[in-house]
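>>> Below are the sequence and a predicted model; questions follow.
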Amino acid sequence: MRACRIERRAPLCDTTQWPDSIHPVLRRVYAARGIDAPDGIDHRLARLLPPETIAGMSGAAELLERCVREDRRIVVVGDFDADGATATAVAVRGLGLLGARQVGYRVPNRFTHGYGLSPALVEDLLPLRPELIVTVDNGIAAAAGVAAAHRHGIAVLVTDHHLPGADLPDAEAIVDPNLAADAPGQTLAGVGVMFYLLLAVRARLREAGWFATRGIVEPDLAGLLDLVALGTVADLVSLDYNNRVLIEAGLRRIRAGRASAGIAALIEASQRRAASLTSADLGYALGPRLNAAGRLEDMSLGIECLLTDDAARARHLAGLLDAINAERRGLQAGMVEQAEAQVQTFLARHGDAALPVGVVLADPAWHAGVVGLVASRLKERLHRPVIAFAPAGEGSAELKGSARSIAGFHIRDALAEVEANQPGLIARFGGHAMAAGLTLTADALPAFAAAFDAVARARIPSALLDPVLLTDGGLDGADFHVELARQLRFAGPWGQGFPEPLFDDEFGLDGWRVMGESHLRLNLRHAASGTAVEAVMFGAYDGRPPPVRLRAAYQLALDEWNGRERLRLLLRHVEPL
């Protein structure tokens, strides 16, 4: 397997339109992401895509508006990840704000219902007597579930952002940005699609005089944007301009102390500060705590945390989520260790050259709710697409798989190619370019592993398997200061497709010590300028001292302690010189 190499990003545009007030380093960072002028970071809500540009929006808004006005019983069907949880909370809260009085929700059980709107879930919804089911973050592949709902006289409105298959469910309305090729909004998360639908419904209700005739003040749906920001970041969708507008608006509300009780409680549980919260905090601190409920328990716990307006109850629920997340971390660590042992055993027997390009791993003792995290970790270490499988349930003959991909290899399309080549090998699948889920029978695993590897070998050029760490170049000695670190921190929002600034330089080692069991604190000297800087690298100590001369890829970070800020480099990769 190839070692990681550092490569500096090339500017995608010039920086002549930037004012001198923008730091030259920040201008360089923006240019490497294709932003050539201040308009590209003008994140005002007024610049959002209009709702009517989203595929299927008109019909969906008309149906939902009618159900609100006619006081129909609406049940929102969510999903058991952070996007699904926030989308459910946005739907329930938003419909209530618009005047709907009979709104409930349900989330499928991972083990008894499977994913999304299934016939089994429809049967369990019948006691609620829904007149309309609204799916959020699922439904685009729920043909059987929609048909089951229709047999009971229940209408279905699908809101989703996953890629549609060849056949669409026969729902009364479907809104999904991917229904139209090259249409706007295709990177929206499920929560973003639902938020847009609420905007469209509000506009129709306004035109119909709904708020005036009922004496209702037209609701400000911006109050939902903290939820939209969390779900969008946690789902790892690409942060194009429109998504950055949504996320930045949500972060502004949070930093101003106007977050919902549930978001505020999750921030407190994760020991972050609302006033300085970033998109990275949403992705690495809040998102995992919310996701943990869906992975190991019932996502309804997470949704209730997001729906409550009682601060004490929110803190209690956030504490439960924090405890479940700690359990998840322990379970994940063991599963990742076992997966790495599988890989090392294979390499010892067959050599690096025999490692599949498309890696498939499975273990009968693994937990189906955590295999996505295993796939993600192994994908990072192997730098090739990985699918991890676990039993769908105790005694089940089915396996649930979660896939993670590398840039340049569309994982959902790869699964579609496997299915086309060998119909029936996969029972069900769906997903995005970078992540997907699938189900197959245990006896089909060997054939699937071979078929998936064959597609990966045919579709992935050798160069894509060479792990490259892209950086924004080096810094001058004068750039190592708190003010630039602060500007970079809040210059995003950073995330998938709009990466946080990363720099690389050569350093000398003045001193070092171990923190905890595996972390390093280093005193470095910038080789080009002689500037002394402090640095940390997490999980880097393997019993050997760091090199005395090194090249490091690093972020400018702020170390906050007792109300004071100081500069600290966060090392992401080190190689000896």
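Arrived safely. The structure presented is a predicted model; accordingly, all values stated were derived computationally and were not measured. Residues are numbered from 1 along each chain as shown.

>>> tell me the contacts of P576?
Going by Cβ atoms under 8 Å, 6 or more residues apart in numbering, P576 touches 547, 549-551. Using the backbone N, CA and C atoms, a C-beta is placed for each residue, glycine as well.

>>> tell me the contacts of the residue nearest to the spatial centre of the chain?
Centroid-nearest residue in the chain: D235, 2.0 Å away (criterion: Cα atoms, centre = their mean). D235 is in contact with 81-83, 189-191, counting by Cβ under 8 Å, 6+ apart.

>>> any chance of those in CSV, with distance to A147 too?
Formatted as CSV, the contacts of D235 follow (distance: Cβ to Cβ, whole Å):
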residue, distance to A147
D81, 25
A82, 29
D83, 25
A189, 27
G190, 22
V191, 27
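
>>> Out of these, flag the one nearest to L488.
L488 lies nearest to A189 out of the contacts of D235, by Cβ to Cβ, at 24.7 Å.

>>> neighbours of the closest residue in space to N421 that isn't next to it in sequence, just the number please.
Distance criterion Cβ to Cβ, 6 or more residues apart in numbering; nearest residue to N421, sequence neighbours excluded, is A451 at 6.3 Å. A451 has 22 neighbours, counted by other Cβ atoms under 10 Å.

>>> For stretch 533-541, which outside residues touch it?
With Cβ under 8 Å, 6+ apart as the test, stretch 533-541 has contacts from 480, 507, 514-515, 517-526, 546, 552, 554, 559, 566-572, 574.

>>> Now do the buried residues in it.
By neighbour count on 16 or more other Cβ atoms under 10 Å, the buried set for stretch 533-541 is 533-537, 540-541.

>>> and after the longest helix along the chain, which helix or strand comes next?
Assignment by DSSP state H gives helix 311-350 as the longest helix of the chain. As assigned by DSSP states H and E, the chain's next helix or strand after helix 311-350 is strand 359-362.

>>> Using PDB, list the CA coordinates for that following strand.
Taking C-alpha atoms only, strand 359-362 is exported to PDB below (Å, rounded to 0.1, in the frame of the first residue of the first chain):
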ATOM      1  CA  VAL A 359     -12.600  -4.000   0.200                       C
ATOM      2  CA  VAL A 360     -15.400  -6.000   1.800                       C
ATOM      3  CA  LEU A 361     -15.300  -6.900   5.500                       C
ATOM      4  CA  ALA A 362     -17.700  -8.800   7.700                       C
END
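
>>> what lines up beside that strand in the sheet?
strand 386-391 (parallel) (DSSP bridges).

>>> Could you quantify the relative orientation of the partner strand and helix 311-350 as an angle?
Interaxial angle of strand 386-391 relative to helix 311-350 (axes from the mean of the first three to the mean of the last three Cα atoms, to 10 degrees): 110 degrees.

>>> Now do the SS call for the nearest residue in space to P219 that is not next to it in sequence.
Closest residue to P219 apart from its sequence neighbours, by Cβ to Cβ, 6+ apart: L97 at 3.8 Å. With DSSP: H, G, I helix; E, B strand; the rest coil as the basis, L97 sits in helix.

>>> For L97, list the residues it contacts.
219, 221, 223.

>>> Would you mind giving the buried residues of stretch 533-541 as CSV with secondary structure added?
What follows is these, written out as CSV (three-state DSSP):
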residue, secondary structure
V533, strand
E534, strand
A535, strand
V536, strand
M537, strand
A540, coil
Y541, coil
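
>>> Please identify which of those residues is nearest to A442.
A540 (38.5 Å).
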